[in-house]
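# Just the structure for this:
(2 chains)
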2 protein chains.
Amino acid sequence: MDLKKKIRNVSDFPKPGILFRDITPILKDPKAFSYVAEKFAEIFPKKSFDMVAGIESRGFIFGAALAAKTGKGFIIIRKQGKLPGETIAKKYDIEYGSATMEIQKDAVRKGDRVLIIDDLLATGGTAQAAAHLIEKLGGKVVGMGFVIELAMLKGMKKLSKYNAKTLVRYT
Amino acid sequence: MDLKKKIRNVSDFPKPGILFRDITPILKDPKAFSYVAEKFAEIFPKKSFDMVAGIESRGFIFGAALAAKTGKGFIIIRKQGKLPGETIAKKYDIEYGSATMEIQKDAVRKGDRVLIIDDLLATGGTAQAAAHLIEKLGGKVVGMGFVIELAMLKGMKKLSKYNAKTLVRYT
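Numbering: from 1, shown residues only, chains lettered A, B, ... in the order given. Below is the predicted model:
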């Protein structure tokens, strides 16, 4: 399937000058939505990971679909202040300023092999912060799957040790 | 499965006086996470709906899992300002003040039978707003599934015409 045909380009969103890659046409099409989870399951064999971690909030959609298809548990990594109970946080740089991701302290068991899923790989900062959080709790990040890669932002370089894979690449 | 045992009670979150029902232990447990999607699929037969709509952001998790399990497409209903392209919005009352949900104009085809999924039914305001958005676009809301119902807030009453079902009830 040519997944790129199912991605819509929206100019000037969320702000002027940004070309937004909209994945909602993938979600809406049962075949395309299934294809993404199947493709991830093919790239990352079921036996190679114990848990799927989804990054808020589009990573929740593709991550939960993959977890459901492969019968795995699901971990959520959220923006600051949204998770109840004891959490740890990781601050990271974004285009202007910084952002913080959080995970619950008991989300990962020591030795868990975790596959991180998100919709989009840009600079890689968010995924790297997510990986740090999982490692801090004793988990092992065995892979990262993204639907879209914005290759000009060189996120792959930052994530070189994490077995990161992308389905659709924009250069 | 006694799903209630997999829900953690967190006091004073997100603010003092609130007892938060935390569903992350369900997500983490592959059996419990699978059970939720299977239960929804049992309550709402596959042939009775065309699309699953998830409400941001925990509704994305359970909704996407159900869509993946049943081979359906997925519609996202988000907080204001987060969806690219043309959208319609619905304002509704919350405890103090109001909130607004949005949907993309082309998210629903006329006649689509849509099943709305969210993690929690409180007053029912969010789900009602989501249903209005789907109906406005020509879709038919054939059901609503929630993991948790806070029965004292009487959300079921507000949603009486929508075939709303809940898995775990707190009185």
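# From the centroid of chain A, which residue is nearest?
Central residue of chain A (Cα atoms, centre = their mean): residue A:118, 1.8 Å from the mean position.
# and that one, what element?
strand A:113-121 (DSSP states H and E).
# okay, stretch A:82-97 in CSV with CA atoms only?
Below are the C-alpha coordinates for stretch A:82-97, written out as CSV (Å, rounded to 0.1, in the frame of the first residue of the first chain):
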residue,chain,number,x,y,z
LYS,A,82,-1.6,14.7,33.0
LEU,A,83,-0.6,11.5,34.7
PRO,A,84,-1.9,10.6,38.2
GLY,A,85,0.3,8.9,40.9
GLU,A,86,4.0,9.0,41.1
THR,A,87,5.8,10.0,37.9
ILE,A,88,9.2,10.8,36.6
ALA,A,89,9.8,13.6,34.0
LYS,A,90,12.2,14.4,31.3
LYS,A,91,12.7,17.9,29.9
TYR,A,92,13.9,18.3,26.3
ASP,A,93,14.4,21.0,23.7
ILE,A,94,11.9,21.9,21.1
GLU,A,95,12.1,24.4,18.3
TYR,A,96,11.5,27.4,20.6
GLY,A,97,12.1,26.6,24.3
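# buried set for it?
Across stretch A:82-97, burial judged by 16 or more other Cβ atoms under 10 Å in any protein chain shown covers A:83-84, A:87, A:90, A:92. Any C-beta I mention is one placed from the backbone N, CA and C, and that applies to glycine too.
# Would you map the helices across chain A?
Applying DSSP state H to chain A gives helices spanning A:24-28, A:30-43, A:58-70, A:125-136, A:155-158.
# Nearest to residue B:70 among the ones you listed would be which one?
Across the helices of chain A, residue B:70 has its closest neighbour in helix A:30-43 (9.0 Å, Cβ to Cβ).
# quick one on the thing from earlier: run the angle between the strand holding residue A:118 and helix A:30-43 for me.
Strand A:113-121 runs at 130 degrees relative to helix A:30-43, counting by axes from the mean of the first three to the mean of the last three Cα atoms, to 10 degrees.
# Pairing partners for strand A:113-121, with directions?
Here strand A:113-121 has these sheet partners by DSSP bridges: strand A:51-55 (parallel), strand A:140-150 (parallel).
# Please state the offset of that strand from the chain centre?
Strand A:113-121 has its C-alpha centroid displaced from the chain centroid by 3 Å (Cα atoms, centre = their mean, to the nearest Å).
# Same question for stretch A:160-171.
11 Å.
# try stretch A:88-96
The answer for stretch A:88-96 is 15 Å, by Cα atoms, centre = their mean.
# coming back round to it: okay if I get the strands paired with strand A:113-121 as TSV plus mean neighbour count?
Below are the strands paired with strand A:113-121 laid out as TSV (neighbours: other Cβ atoms under 10 Å in any protein chain shown):
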stretch	mean neighbour count
strand A:51-55	28
strand A:140-150	22
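# do you know which of the ones you listed lies nearest residue B:99?
strand A:51-55 (23.5 Å).
# Is there contact, residue-wise, from stretch A:19-28 to chain B?
Yes - using Cβ under 8 Å from any Cβ of the partner chain, stretch A:19-28 comes into contact with chain B via A:20, A:22, A:24, A:27-28.
# My error: substitute stretch A:101-109 in the last question.
Yes - residues of stretch A:101-109 contacting chain B under Cβ under 8 Å from any Cβ: A:104, A:107.
# Now that stretch - C-alpha only, CSV.
Provided in CSV are the C-alpha atoms of stretch A:101-109 (Å, rounded to 0.1, in the frame of the first residue of the first chain):
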residue,chain,number,x,y,z
MET,A,101,7.3,14.3,29.0
GLU,A,102,6.2,12.2,32.0
ILE,A,103,5.7,8.5,32.7
GLN,A,104,4.3,6.7,35.8
LYS,A,105,7.0,5.2,38.0
ASP,A,106,5.3,1.8,37.9
ALA,A,107,4.6,1.8,34.1
VAL,A,108,7.6,-0.3,33.3
ARG,A,109,8.9,-3.4,35.1
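# quick one on the thing from earlier: reformat the strands paired with strand A:113-121 as CSV; add mean pLDDT.
Shown next, in CSV, are these (pLDDT from 0 to 100):
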stretch, mean pLDDT
strand A:51-55, 98
strand A:140-150, 98
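# Which among those is found nearest to residue A:10?
Evaluated over those, closeness to residue A:10 peaks at strand A:140-150, with 13.3 Å, by Cβ to Cβ.
# Tell me what angle the closest one forms with helix A:58-70.
Using the same axes, to 10 degrees: strand A:140-150 against helix A:58-70 is 120 degrees.
# hmm, back to that, same list (the strands paired with strand A:113-121) but as CSV, adding distance to residue B:163.
CSV is the format used below for these (distance: least, Cβ to Cβ, whole Å):
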stretch, distance to residue B:163
strand A:51-55, 29
strand A:140-150, 33
